[in-house]
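> Compute the structure for the input listed below.
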Amino acid sequence: MEPTKESKGTTSQKTKERMSVYFQKPDAEVEKEKTKKENDIKRGAEAAANFIRPLVLMLLWNWIMPGLLGVATIGYLQAFGLYIMSRILFNHEDVNYDE
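Presented below is the predicted three-dimensional model:
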């Protein structure tokens, strides 16, 4: 018995549908992975910024303050301490990326 044209088309269509279920992720799962990657990038950027900002503070302090007020220059750890202290004093709100 040879398969008719209708049965050939139906079989290939069923195979195609079956393959799409196994090889394509649901849209919700793709969106979840995309959101997770974006959140990871944001967290990494915030972590890097927390170490770069004190460096900028140190460079600005050492460039401006000794000539302007005659104060001593500061190192990175002192700039980091000033940065943390300013965050505490000015009540810096942390950004929540897990919305």
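> Can you tell me the SS state at Val71?
Going by DSSP: H, G, I helix; E, B strand; the rest coil, the secondary structure assigned to Val71 is coil.
> In contact with it, which residues?
For Val71, the residues meeting the contact criterion (Cβ atoms under 8 Å, 6 or more residues apart in numbering) are Met65. No exception for glycine: its C-beta is placed from N, CA and C like everyone else's.
> go again using 10 Å as the cut-off
Taking Cβ atoms under 10 Å, 6 or more residues apart in numbering, we find Val71 in contact with Trp61, Asn62, Ile64, Met65.
> how much space between the third one and Gly70?
If I follow you right, that is Ile64. 12 Å (Cβ to Cβ, to the nearest Å).
> who has more neighbours, these two?
Under the criterion of other Cβ atoms under 10 Å, the comparison of Ile64 against Gly70 puts Ile64 first, with 11 against 7.
> Let me know the pLDDT of that one.
Ile64 carries a pLDDT score of 94 in this model.
> Could you say whether it sits in a helix, a strand or coil?
Secondary structure state of Ile64, per three-state DSSP, is helix.
> Okay, it and Asn91: tell me how far apart.
Noted for Ile64: a distance of 25 Å to Asn91, by Cβ to Cβ.
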